[in-house]
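# need a structure here:
(one chain, ligands or ions: 1)
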Amino acid sequence: MIGIDKMNFFTPNTYIDLVTLANKRGVDPNKFTIGIGQSKMAVPTITQDTVSMGANAAFPILDKEDLETIDLIVVGTETGIDESKSSAAFIHQLLNIHPFAKSVEVKQACYGATAGLMMAKDYIKAHPGRKALVIGSDISRYGLNTSGEVTQGAGAIALLISENPRILALDDTSVAMTESIFDFWRPNYRDTAIVDGKYSNEAYVNFFTTIWEEYKNRTNHSLSDFSAFCFHLPYSKMGRKALLPVLENESEELATKLLKNYDLSTDYTKNIGNIYTGSLYLSLMSLLDHSDNTLKENDLIGFFSYGSGAVGEIFSGRLVPGYENFLMKEEHIAMLDERYDLSIEEYEAIFNKELPKTDGTHPLSEAKYDKSLFYLSSITDHQRHYSQRQ
Ligand code: COA
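I've put the predicted structure just below:
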């Protein structure tokens, strides 16, 4: 058995309320809260980036033995900070993982962390007893006053992958699919994404239904085998659009169960926004943290990973007996409760701030807003330096 032994997420401690944003933009708040299904949106200061968020997500779950046993660190991201050096190499140092590990970054839009998870599973199969750290870390930016604005967000997830995992044992069968399309993309010279929202919704649903048919053929699984399905969630309504068509021919009892668990899986996304690569795993944490132990050992959980451009994959895993003892529900809820509610003026000022791009030493401070353990503290001659708050 190989799978998720420990897991955690991080989101910056600054956010905006989307009713306030709707009022400011002259939009009916119900469009944001009901139509799109989002309540709050994380807004990172310039002192939080892919590296610091990834380190903040991973640090709380790693003990001394993990640091000596992790051989592979994979960061899935589409908002990396360097075209050459991987964010994983920075994170390897910040977390103090032993030197004889390999650190890489992988990219395929919001699918990156799943690619990392599959690499980690194969690595552990080939190297029993060792561990892998998979991180998904991103800042989602579409721009002020754009149709995508309400679906921005920021955050990271960290998964410790091992043999005999204590939370979720991954199955071997999965089905992936690739098709080169332009539903969402970001050329290197832009810091905001370009999205064809309607086309992206269609592509997402089409990928799910197409892969699902192939998955059923290859695995002999039917929907009734699953206790819950977790989705990549660019916003909380998206997965529902994919799930509803496949529920049409199922019993009311099954549809009610899967939709109830779907709702539980969306709670963190509703309050954080799109975290891109980490989103699917944020859904899993939301589901397990909120299910009040109604999900039992050996229950089968399905996963739909989708990264625009596009690659999708359906895979599954079974809950391990005692999994509920290894969740971090209280810490997650406290993290969200203790955030600072920005005014729209503060949000716009933070959004428009840019990192220095010139030679020399540039100390950075956002101490009023950013209380996170790891943060970007300076840039010296184009080298990012991070600090750990005492
Ligand atoms: N009350 C309640 N619901 C309302 C409403 C109101 N006053 N006004 C609109 N709505 C509903 C619409 O009916 C629609 O629901 P539906 O999707 O079930 O049809 C929903 O709110 C969104 O409205 P729409 O007009 O489609 O919004 P939009 O053109 O502003 O675009 C997104 C919304 C989500 C497509 C856009 O924000 C976007 O592209 N986000 C990025 C998505 C992404 O990242 N995709 C790539 C990764 S998968």
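
# which SS class is the residue of the stretch 201-350 of the chain found nearest the ligand?
In the stretch 201-350 of the chain, the residue that lies nearest the ligand is Pro234 (3.7 Å; CB to the nearest ligand atom). Bear in mind the C-beta positions are built from the backbone N, C-alpha and C, glycine included. Under the three-state scheme (DSSP: H, G, I helix; E, B strand; the rest coil), Pro234 adopts coil.

# What is the burial count for it?
A count of neighbours around Pro234, defined by other CB atoms under 10 Å, yields 28.

# again, but for the one 5 residues further on
By the other CB under 10 Å criterion, the neighbourhood of Gly239 contains 27 residues.

# so after the strand or helix carrying it, what's the next helix or strand?
Gly239 belongs to helix 238-247 when assigned by DSSP states H and E. Sequence-wise, the next helix or strand downstream of helix 238-247 (DSSP H and E) is helix 252-265.

# tell me which parts of the stretch 201-350 of the chain are close to the ligand?
204, 234-235, 274, 306, 308 (CB under 6 Å from any ligand atom).

# Next, the residue nearest to Met7 when sequence neighbours are not counted: secondary structure please.
What sits nearest to Met7 in space, not counting adjacent residues and going by CB to CB, 6 or more residues apart in numbering, is Leu159, at 5.0 Å. Here Leu159 is recorded as strand under three-state DSSP.

# Quick check: Leu159 touching Ile4?
Yes: under the criterion of CB atoms under 8 Å, Leu159 makes contact with Ile4 at 5.2 Å.

# These two: who's more crowded?
More neighbours surround Leu159 than the other of Leu159 and Ile4, with 32 against 24 (other CB under 10 Å).

# Let me see the contact set for the residue of the stretch 151-300 of the chain found nearest the ligand.
Here the stretch 151-300 of the chain gets closest to the ligand at one residue, Gly197, 2.5 Å apart by CB to the nearest ligand atom. If you count contacts by CB atoms under 8 Å, 6 or more residues apart in numbering, Gly197 has them with 147-148.

# do the same with Phe374
Neighbours of Phe374 in contact, by CB under 8 Å, 6+ apart: 51-52, 55-56, 59, 94, 386-389.

# Is there a quick ChimeraX command that grabs whichever of those residues are buried?
Remark: buried members of these, expressed as a ChimeraX selection using 16 or more other CB atoms under 10 Å:
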select :51,52,55,56,59,94,386
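
# Between the contacts of Phe374, which sits nearest Phe182?
Proximity of the contacts of Phe374 to Phe182 (CB to CB) peaks at Val51, which lies at 28.6 Å.

# re earlier: tabulate the contacts of Phe374 in CSV, adding columns for secondary structure, pLDDT and distance to Ile70.
Converted to CSV, the contacts of Phe374 look like this (DSSP: H, G, I helix; E, B strand; the rest coil; pLDDT from 0 to 100; distance: CB to CB, whole Å):
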residue, secondary structure, pLDDT, distance to Ile70
Val51, helix, 98, 17
Ser52, helix, 98, 19
Ala55, helix, 99, 13
Asn56, helix, 98, 17
Phe59, helix, 98, 13
Leu94, helix, 98, 13
Tyr386, strand, 98, 19
Ser387, strand, 98, 23
Gln388, strand, 98, 19
Arg389, coil, 95, 23
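
# Could you export stretch 57-75 as PDB, keeping only the C-alpha atoms?
The C-alpha coordinates for stretch 57-75 follow below in PDB (Å, rounded to 0.1, in the frame of the first residue of the first chain):
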ATOM      1  CA  ALA A  57       2.100  24.000   4.100                       C
ATOM      2  CA  ALA A  58       4.800  21.300   4.500                       C
ATOM      3  CA  PHE A  59       6.600  22.400   7.700                       C
ATOM      4  CA  PRO A  60       3.800  21.400  10.200                       C
ATOM      5  CA  ILE A  61       3.600  17.800   9.000                       C
ATOM      6  CA  LEU A  62       7.200  16.800   8.900                       C
ATOM      7  CA  ASP A  63       9.100  15.300  11.800                       C
ATOM      8  CA  LYS A  64      12.800  14.500  12.100                       C
ATOM      9  CA  GLU A  65      12.400  11.000  10.700                       C
ATOM     10  CA  ASP A  66      10.600  12.400   7.700                       C
ATOM     11  CA  LEU A  67      13.400  14.900   7.000                       C
ATOM     12  CA  GLU A  68      15.800  12.000   6.900                       C
ATOM     13  CA  THR A  69      13.700   9.800   4.700                       C
ATOM     14  CA  ILE A  70      12.300  12.100   2.000                       C
ATOM     15  CA  ASP A  71      14.200  11.400  -1.200                       C
ATOM     16  CA  LEU A  72      12.000  13.200  -3.600                       C
ATOM     17  CA  ILE A  73      10.400  16.700  -3.400                       C
ATOM     18  CA  VAL A  74       8.100  17.600  -6.300                       C
ATOM     19  CA  VAL A  75       6.400  21.000  -6.500                       C
END
